[in-house]
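Asker: task: produce atomic coordinates for the following.
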Amino acid sequence: MSAARHIIVQADAATVAEAAARRLIARVAAMPVAAVCLTGGSSPQALYRLLATPRWRAEIPWPRVHWFLGDERAVPPDDPLSNGAMAREAFLDRCAPRGNVHMIATATSPDAAARAYESELEDFHHHRPGLPLFDLVLLGVGPDGHVASLFPGAPALEEHDRLVIGVDRANVAPFVPRITLTLSCLASTREMLFLATGRGKRDILRRVFAGEDLPANRARADGGGDTVWLLDEAADPRAAA
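Answerer: Numbering: from 1, shown residues only. Below is the predicted model of the structure:
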């Protein structure tokens, strides 16, 4: 697993966000129809705010880019715990055409929501024959090594037939049901980009980079795709204590 991982270290969280923005723009700029899969949590928030600023906003071909979610919490769409609400507030509502924003509807059961989102992904993919589902998948890593809402030891890690599944209970707060893309779905991308900043990420990254069987170690781009970990110096587990 580690042989396919590229680690890039920046000075701080601000430069991580800038580097991530450059990589995102590079992935979508030349595509006639581009697809980006967003992540929730704290790791991407600086990036999302940056994308809404005039300098970076001008670099993105917004009419040609579609935005998806890697996972969602089963809460109302305007709930502060909603990953979609966070992304919409940070940049999507101000920048992206409404028809290009693909949120996960949470009014039904997690399984029903998962099947509806899976159908939406399949319908979208018909417009990109021969290409992966995504051009860029953004991911963070949780304190237990989870990615999206795929938790250590969960049966969901062995799901290979579905693109999206419901998760009855999370391993970490908030303890609400989730809807998540599967590892095989996340892997269908030209680039998988992990974002991790701050000293609090160092311990879990040490475990991941040591090869422990954690979801973050199983998540990687398929085939010729790139798997990149973008860290700041504080998060780098190889740095001196």
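
Asker: what's the burial count for the residue nearest to Leu50 when sequence neighbours are not counted?
Answerer: In space, and not counting its chain neighbours, Leu50 is closest to Ala17: 4.9 Å by CB to CB, 6 or more residues apart in numbering. C-beta: built from backbone N, CA, C; applies to glycine. Other residues lying near Ala17 total 25 when counted by other CB atoms under 10 Å.

Asker: same check on the one 4 residues further on?
Answerer: Burial of Ala21, expressed as a neighbour count using other CB under 10 Å, amounts to 20.

Asker: ditto for Val9
Answerer: When neighbours are counted by other CB under 10 Å, Val9 comes out with 17.

Asker: check it and give its pLDDT.
Answerer: Per-residue confidence at Val9 stands at 97 (pLDDT).

Asker: my read: it touches Pro237, true?
Answerer: No - assessed by CB atoms under 8 Å, Val9 is found out of contact with Pro237, at 10.7 Å.

Asker: show me how far the host helix or strand of the residue nearest to Leu50 is from its chain's centre.
Answerer: When secondary structure is defined using DSSP states H and E, the element that contains Ala17 is helix 13-28. In terms of CA atoms, centre = their mean, to the nearest Å, the centre of helix 13-28 is set 14 Å apart from its chain centre.

Asker: other SSEs contacting it?
Answerer: In this structure, helix 13-28 makes packing contacts with strand 5-10, strand 34-38, helix 45-51, strand 136-139, strand 191-196, strand 226-232, judged by 3 or more CB pairs under 8 Å, 6 or more residues apart in numbering; DSSP states H and E.

Asker: looking at those, which is closest to Ser109?
Answerer: When those are ranked by distance to Ser109, counting by CB to CB, first place goes to strand 34-38 at 22.7 Å.

Asker: can you report how many residues lie near Arg5?
Answerer: Applying the criterion other CB under 10 Å, we find 16 residues in the vicinity of Arg5.

Asker: now it. Nearest residue, chain neighbours left out?
Answerer: Distance criterion CB to CB, 6+ apart; nearest residue to Arg5, sequence neighbours excluded, is Thr227 at 5.4 Å.
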